[in-house]
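Chemist: structure, please.
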Amino acid sequence: MNNPLLTLETVLSSVRAANMQLVRLAAARRTGRAESAELSERARQYAQRMDEALQGGMPLVMEVESDIIRFGESKVIGEDLLSAHLCRSLFDEGVRALFVEPGASLVELEKLAWLLSADWGSRAVFEPDLQASAWQNRFTAIHIDAI
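Modeler: Here you go, the predicted model:
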């Protein structure tokens, strides 16, 4: 159900919280220090926070820059080295924007968390890149603008 009473500040807070979970998931995956259950929990928390933000009924549009991710005029991540590293990784893979439409399922949002948190810089030559992996996920309510 969409809740038109959600304020922009509430949506922004949920988007920030979701993206911080994404940073933690990416860092844990890169260091290899987290158990599978912990990684799954972080992806689930990302999905839940994004779902909360979507309850306002508006699509979420996040711009990816080389060291930050913006939601509207607000920076949602990029204040520390871990989040800047994630932004750089996505930017280097060609990601310029993420569009998440209301109606995105928790399953789709979790898949997005796994996709965005992967260490794309260390993949083998024969492995699919981010864009191919996004296509393979067959997202219906998520769009990744990449060059």
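Chemist: show me the contact partners of stretch 101-112.
Modeler: With contact meaning Cβ atoms under 8 Å, 6 or more residues apart in numbering, stretch 101-112 is reached by 2, 43-44, 46-48, 50-51, 54, 57-59, 98, 100, 137, 139-143. Where you see a C-beta, it was placed from the backbone N, CA and C, and this is true even at glycine.
Chemist: buried residues, that stretch. List them.
Modeler: Within stretch 101-112, the residues scored as buried using 16 or more other Cβ atoms under 10 Å are E101, A104, E108, L109, E110, K111, L112.
Chemist: list of residues touching stretch 20-40?
Modeler: 42-43, 45-46, 49, 77, 82-83, 85-86, 89, 113-114, 116-119.
Chemist: can you identify each of the helices in this protein by residue range?
Modeler: Shown for the chain, the helices assigned by DSSP state H span residues 8-31, 36-54, 81-92, 106-117, 130-137.
Chemist: in terms of contact, does A118 touch L130 like I think?
Modeler: Yes - between A118 and L130 there is a contact under Cβ atoms under 8 Å: 7.4 Å.
Chemist: which secondary structure element of this structure has the lowest mean pLDDT?
Modeler: helix 130-137 (a mean of 86; mean pLDDT, DSSP states H and E).
Chemist: how far is that helix from where the chain is centred?
Modeler: Relative to its parent chain, helix 130-137 has a centroid offset of 14 Å by Cα atoms, centre = their mean, to the nearest Å.
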